[in-house]
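> The amino acid sequence is not available; the structure is as follows:
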């Protein structure tokens, strides 16, 4: 089978699996929160730039279809395109063999294939524009003779790196890595006017982020700077979470191959153009090292370094595709020590080369097998695990159970509707308002309960708790003095309205507790409080 046919097969199978994953588990807490972005488009949001919101608007046909598959469709499409992009990149700098290996390693990465390839996150469009930007950077450093083409590629890099930053602010590391490359190896580019025009293009594209933050007192950077500001106290658990999370998210096999390729690059054992090798290292290692350093003192998230590891997959693919020439690595005298008495030197060398290449290729295929095992195990865990893997205590049932974010929120819509119908029939209240004090589980309650039932959801809490709802609230129906409202919370993320709203409502009733089961065992409770007579505070 030709390499291109193998690539098509990889993309088709991976896409079908991603569609299956998208339809069998509910939206996670981040995904359902980003869905709220699309409800009212802005130039920037409290947490991130707007590209993810535009992508959701596009794939849901302007929010006409908001089931999990359509919400995630942009990530799935980009997952397929990115597999082709990394193939094209590796084919250009090495050969078709390296390109096919790259597509397999990309597919075998939990970050690129699932986190950014199924789940709708800012990483989904970010990784797409990151890879396009890497492609044009490779063209820039590879061809130093055709100045017209180089200038053209610089402008395209300015465009796509700007779109990458508009997806997620981590895209600035494209310019950081390229800037380091220029300062270290290509100072002649500093005399090229197209470089500065590329910078201007990027600045113009990302200017809405700056304008929005000026209007909102730089709230995005105030919030995120608190997350990464270095503290004096060392936090070992955060460091190990970042390090081990990087290993797991990028697939332990991929991680091992990346480490091998970095060692080979250091020993100059990878057969590829030196400018490209330097560029790939400068685009990836600074981000990885910086996040590991920050994690020593502050909490970080392993997927932040995802694009850097994807860049290193290109390096690893070129390393794996190298033919092993044992005679070039060791002297004849050294090899003779290992040769059995009944075997000649040439035959022994050929067998070692064959076995070494075979082992590396097996690891590449094992990477895809491992990710498939993890994915299908995750689906089974989320949908069929008896009860909860979190807290078993009734008051905090399900706490620390990450699977509950994506488990059967539709169940609560029907159960809440019964509670509200009883209140209406008894004349207790006719309110249409539902409240929560945090973006999670607020976004789930908004998307899975309030909106399907045509009710009004508002998040009332601190800015650092409600995030973009602080802006979204202003476009929604407002509470008036004397109004009632339901406060909904869940046992795995419980908040007490009697503490939160004791000055806001004259009466807070005892909750109606709705029990949820998974595989016939208790997994989570939803608590529905009726808050009566809003005071206006």
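All right, it came through fine. Since this is a predicted model, take the numbers as computed values, not measurements.
> What is the neighbour count of residue 243?
Residue 243 has 14 neighbouring residues, counting by other C-beta atoms under 10 Å. (C-beta placed from N, C-alpha, C; glycine too.)
> was I right about it contacting residue 292?
Yes - if you go by C-beta atoms under 8 Å, residue 243 and residue 292 touch, sitting 6.6 Å apart.
> check contacts around residue 102.
Listed by C-beta atoms under 8 Å, 6 or more residues apart in numbering, the contact set of residue 102 reads 86-87, 89-90, 313-314, 317.
> at 7 Å instead, please
When contacts are counted by C-beta atoms under 7 Å, 6 or more residues apart in numbering, residue 102 touches 86-87, 90, 313-314, 317.
> Against residue 368, how distant is it?
From residue 102 across to residue 368, the span is 13 Å (C-beta to C-beta, to the nearest Å).
> just to revisit the earlier point, out of the contacts of residue 102, flag the one nearest to residue 384.
residue 313 (32.7 Å; C-beta to C-beta).
> Just list the residues touching the nearest residue to residue 500 once chain neighbours are set aside, thanks.
Spatial nearest neighbour of residue 500, excluding adjacent residues (C-beta to C-beta, 6 or more residues apart in numbering): residue 437 at 5.4 Å. By C-beta under 7 Å, 6+ apart, residue 437 lies in contact with 459-461, 465, 495, 500.
> So which of these wins on neighbours?
Among the contacts of residue 437, the one with the most neighbours (other C-beta under 10 Å) is residue 459, at 24 neighbours.
> measure that residue to residue 380 for me?
Distance from residue 459 to residue 380, by C-beta to C-beta: 33 Å.
> before we move on, what about residue 389?
Residue 389 is 13 Å from residue 380, by C-beta to C-beta.
> Look at these two and report which has more neighbours.
residue 389 (15 against 11).
> Let me know the secondary structure of that one.
For residue 389, the assignment made with DSSP: H, G, I helix; E, B strand; the rest coil gives coil.
> Now do it, the pLDDT please.
Per-residue pLDDT puts residue 389 at 95.
> ok, the residue nearest to it when sequence neighbours are not counted - contacts?
Spatial nearest neighbour of residue 389, excluding adjacent residues (C-beta to C-beta, 6+ apart): residue 401 at 5.1 Å. By C-beta under 7 Å, 6+ apart, the contact list for residue 401 reads 388-390, 492.
> if you set the cut-off to 8 Å instead, what comes out?
Applying C-beta under 8 Å, 6+ apart, we find residue 401 in contact with 388-391, 492, 523-524.
> What of residue 203?
residue 162.
> one step back: now the two most distant members of the contacts of residue 102.
Across the contacts of residue 102 (C-beta to C-beta), the longest gap, 11.4 Å, separates 87 and 313.
> Specify which residue of those two has the higher count of neighbours.
residue 313 (29 against 26).
> could you pull out the helices for the stretch 151-300 of the chain?
Applying DSSP state H, counting those that start in this stretch to the stretch 151-300 of the chain gives helices spanning 172-185, 193-215, 219-228, 236-249, 252-266, 274-295.
> now the angle from the last one to helix 252-266?
The reference is to helix 274-295. Angle of helix 274-295 versus helix 252-266, following axes from the mean of the first three to the mean of the last three C-alpha atoms, to 10 degrees, is 120 degrees.
> quick one, helix 274-295 and helix 236-249 angle?
Using the same axes, to 10 degrees: helix 274-295 against helix 236-249 is 140 degrees.
> So which elements touch whichever helix or strand comes after helix 274-295?
Counting by DSSP states H and E, the next helix or strand C-terminal to helix 274-295 is helix 306-321. Contacts defined by 3 or more C-beta pairs under 8 Å, 6 or more residues apart in numbering; DSSP states H and E place helix 306-321 against helix 68-93, helix 96-107, helix 123-142, helix 236-249, helix 252-266, helix 274-295, helix 345-384.
> May I see the ones you listed organised as JSON lines, with mean pLDDT added?
As requested, the helices and strands packed on helix 306-321 are exported to JSON lines (pLDDT from 0 to 100):
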{"stretch": "helix 68-93", "mean pLDDT": "97"}
{"stretch": "helix 96-107", "mean pLDDT": "94"}
{"stretch": "helix 123-142", "mean pLDDT": "97"}
{"stretch": "helix 236-249", "mean pLDDT": "93"}
{"stretch": "helix 252-266", "mean pLDDT": "94"}
{"stretch": "helix 274-295", "mean pLDDT": "95"}
{"stretch": "helix 345-384", "mean pLDDT": "76"}
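> okay if I get these as TSV plus distance to residue 213?
Below are those laid out as TSV (distance: least, C-beta to C-beta, whole Å):
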stretch	distance to residue 213
helix 68-93	25
helix 96-107	34
helix 123-142	19
helix 236-249	27
helix 252-266	35
helix 274-295	22
helix 345-384	37
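> Out of those, flag the one nearest residue 452.
helix 68-93 (13.7 Å).
> List the buried residues for the closest one?
Neighbour-count burial for helix 68-93 flags 68-80, 82-87, 89-91, 93 (criterion: 16 or more other C-beta atoms under 10 Å).
> can you state the direction angle for that helix and helix 306-321?
If you take the same axes, to 10 degrees, helix 68-93 sits at 40 degrees to helix 306-321.
> same for helix 68-93, what does it pack against?
helix 3-24, helix 29-39, helix 51-59, helix 96-107, helix 123-142, helix 306-321.
> Distance from the chain centre to it, please.
14 Å (C-alpha atoms, centre = their mean, to the nearest Å).
> what angle sits between that helix and helix 51-59?
110 degrees.
> Adjust the sequence numbering to begin at 115 for everything that follows.
Yes, from this point I'll number from 115; that puts the last item at helix 182-207.
> between helix 182-207 and helix 117-138, what angle do the directions make?
Using the same axes, to 10 degrees: helix 182-207 against helix 117-138 is 160 degrees.
> sorry, back to before: can I get the helices of the stretch 265-414 of the chain in TSV including distance to residue 220?
Listed next are the helices of the stretch 265-414 of the chain as TSV, based on distance: least, C-beta to C-beta, whole Å:
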stretch	distance to residue 220
helix 286-299	18
helix 307-329	26
helix 333-342	28
helix 350-363	13
helix 366-380	9
helix 388-409	14
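> Of all those, which one comes closest to residue 172?
helix 307-329 (17.9 Å).
> What residues sit buried inside the closest one?
Across helix 307-329, burial judged by 16+ other C-beta under 10 Å covers 308-309, 312-313, 315-316, 319-320, 323, 326-327.
> quick check, nearest of those residues to residue 383?
Distances from residue 383 to the buried residues of helix 307-329, taken by C-beta to C-beta, are shortest for residue 309, at 32.5 Å.
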